[in-house]
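1. One predicted model, sequence on top.
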Amino acid sequence: MKWTIFISTLAVIFLAEAKQMSRCELVQELRRHGFPENKMRDWVCLVEHESGRRTDIMSKQNSNGSRDYGLFQINDKYWCSNSGTPGKDCNVTCKQLLSNDISKAATCAKKIFQRHGFDAWYGWKNHCRGKALPDIRSCKK
């Protein structure tokens, strides 16, 4: 009985941490974190195809043994540390990228974009490049 209560409590805590944003909530968050308006539809498309606008997503293991984390599905091979200490190029832990506070994930995503553009994300390359991008006109500025 105690284990059932313990497991149930953990599930509630975990689910409380997970957040799936609406498209307009995502746009507002991206604006709040300084993503440029002229690339907003690309960022929304990327996030929708990488994580489904969810902050708590961790990918299955990739063919090279790495995993992708959070809203932007940031890879742990180069960008985030799986130890308890922030590290790698974004100087964050991968766990920090799973937070509903997307500050660290947004900073890291912008760093990745500065170095590699949208081509760093297969979700964008396969579903957004050269295709119709999401309509965000109804998302207030």
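-> Looks like it came in fine.

2. CA only for contacts and neighbour counts going forward, please
-> Will do.

3. for Arg41, what are its contacts?
-> The neighbours of Arg41, taking CA atoms under 8 Å, 6 or more residues apart in numbering as the test, are 133-136.

4. Pull out the buried residues from the residues you listed.
-> Buried residues within these, counting neighbours by 16 or more other CA atoms under 10 Å: 133-134.

5. now, which of the contacts of Arg41 sits nearest Asn100?
-> Nearest to Asn100, judged by CA to CA, of the contacts of Arg41 is Ile136 at 21.4 Å.

6. quick one: that closest one is in a strand?
-> No - assigned with DSSP: H, G, I helix; E, B strand; the rest coil, Ile136 falls outside any strand and is coil.

7. Model confidence for it, exactly?
-> As predicted, Ile136 sits at a pLDDT of 98.

8. Mind listing what's buried along stretch 114-123?
-> Buried, per 16+ other CA under 10 Å, within stretch 114-123: 118, 121, 123.

9. what is the mean pLDDT for that stretch?
-> Mean pLDDT, stretch 114-123: 98.

10. and the end-to-end length of that stretch?
-> Across stretch 114-123, the terminal residues are separated by 17 Å (CA to CA, to the nearest Å).

11. neighbours around the residue nearest to Ser51 when sequence neighbours are not counted, how many?
-> With sequence-adjacent residues excluded and distances taken as CA to CA, 6 or more residues apart in numbering, Ser51 is closest to Leu71, at 5.4 Å. Neighbour count for Leu71, taken as other CA atoms under 10 Å: 31.
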